[in-house]
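Trainee: Predicted structure and sequence below. I'll ask about it afterward.
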Amino acid sequence: MAETMDTPTTEKMKFCKHCGQKIPEDAVICIHCGRQVEELKQSQTAMPNITIQNSNTSSNVNMNTNVNGGLVRGRLRNKWVAFFLCLCLGYFGAHKFYEGKTGMGVLYLFTFGLFGIGWMIDLIALLCKSNPYYVNR
């Protein structure tokens, strides 16, 4: 005959914290509701042993040194000088010549600041820049 659920077993049992059903004593997850009833046990060997070798121990001072030669490339320009040049002589491209962009300066010179539109855009753009700012080469 088939064995029924009511037959006592020799396995030790406990009750699930969530659904109250009987589950094996060593169960971590309830077989009835599927929820975790015990914390997972990790052995001490599962944690890796981490060793940090620091070369700054001789002077006890952390010092960062820039070895890449600097990432900022370009010429440093003052925002307010460029803004006032643009405001007063922007139709002639004076601010473009100040930035070292002679091609754009000549274009502004012959088109009167790209017909005034380029001059207005440059005024707003110069106000939004940080001071000082870098101009690409």
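Mentor: Structure received.
Trainee: So which residues of this structure form helices?
Mentor: Applying DSSP state H to the chain gives helices spanning 79-89, 94-99, 102-115, 117-128.
Trainee: remind me which residues of this structure are low pLDDT?
Mentor: Low-confidence segments of the chain, defined by pLDDT under 70: 1-9, 41-48, 54-72, 137.
Trainee: Let me see the domain layout of the protein.
Mentor: 11-41, 75-135 (automatic domain parsing).
Trainee: just the ones you listed: most buried one?
Mentor: Mean neighbour count (mean count of other C-beta atoms under 10 Å) peaks for domain 75-135 among the domains of the chain, with a mean of 16. To be clear about C-beta, it is placed using only N, CA and C from the backbone, and glycine gets the same treatment.
Trainee: Compute the first-to-last residue distance for that one.
Mentor: Distance between the two ends of domain 75-135: 5 Å, counting by C-alpha to C-alpha, to the nearest Å.
Trainee: outside of stretch 29-41, which residues touch it?
Mentor: Under the contact criterion C-beta atoms under 8 Å, 6 or more residues apart in numbering, stretch 29-41 has outside partners 16, 17, 18, 19, 21, 23, 27, 28.
Trainee: Could you dump those residues into JSON lines and include distance to residue 116?
Mentor: Listed next are those as JSON lines, based on distance: C-beta to C-beta, whole Å:
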{"residue": "16", "distance to residue 116": "79"}
{"residue": "17", "distance to residue 116": "76"}
{"residue": "18", "distance to residue 116": "74"}
{"residue": "19", "distance to residue 116": "77"}
{"residue": "21", "distance to residue 116": "81"}
{"residue": "23", "distance to residue 116": "81"}
{"residue": "27", "distance to residue 116": "80"}
{"residue": "28", "distance to residue 116": "75"}
